[in-house]
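> What would the 3D arrangement of this be:
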Amino acid sequence: MADTEPPIGKRKADHLEVAASGRAEFAKSTLLEHVHLVHQALPELALDEIDLDTELVGKPLKRRC
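Numbering: from 1, shown residues only. So this is what the prediction gives:
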């Protein structure tokens, strides 16, 4: 590459060279293997007692089931 190349062009060329050479390491994880979900059941609630009504900018939103 020529020394007259703009800095962003040099960075891009360097990036492509590293990626093509196989020297780059890629993370193949979403990190979800580090997440532990704790189950917390709510047996004292009945489904028909749960109110999902809400408002958005002062207007009620209707549920569609």
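> hey, let's count contacts and neighbours off CA atoms from now on
Noted.
> Just read off the phi/psi values of the spatially most central residue of the chain.
By CA atoms, centre = their mean, the chain has its centre lying nearest to residue 30, at 8.5 Å. Residue 30 has phi and psi values of phi -100, psi 0 when expressed as degrees, to the nearest 10.
> Equivalent analysis for residue 60, please.
phi -70, psi 140.
> Just give the closest residue to it, not the sequence neighbours.
Leaving out its chain neighbours, the residue that sits closest to residue 60 by CA to CA, 6 or more residues apart in numbering is residue 54, at 5.9 Å.
> what are the bridge partners for that neighbour, then?
Counting by DSSP bridges, residue 54 is bridged to residue 61.
> For the chain, give me the ranges with low pLDDT.
1-5, 65 (pLDDT under 70).
> do that again at 90, thanks
Applying pLDDT under 90 to the chain flags residues 1-10, 13-16, 18-31, 40-54, 61-65.
> returning to that earlier point: just give the number of residues close to the residue nearest to residue 60.
Neighbourhood size, residue 54 [other CA atoms under 10 Å]: 11.
> what residues does stretch 39-53 touch?
With contacts defined as CA atoms under 8 Å, 6 or more residues apart in numbering, stretch 39-53 is touched by 60-63.
> can you do 6 Å?
For stretch 39-53, there are no external contacting residues (CA atoms under 6 Å, 6 or more residues apart in numbering).
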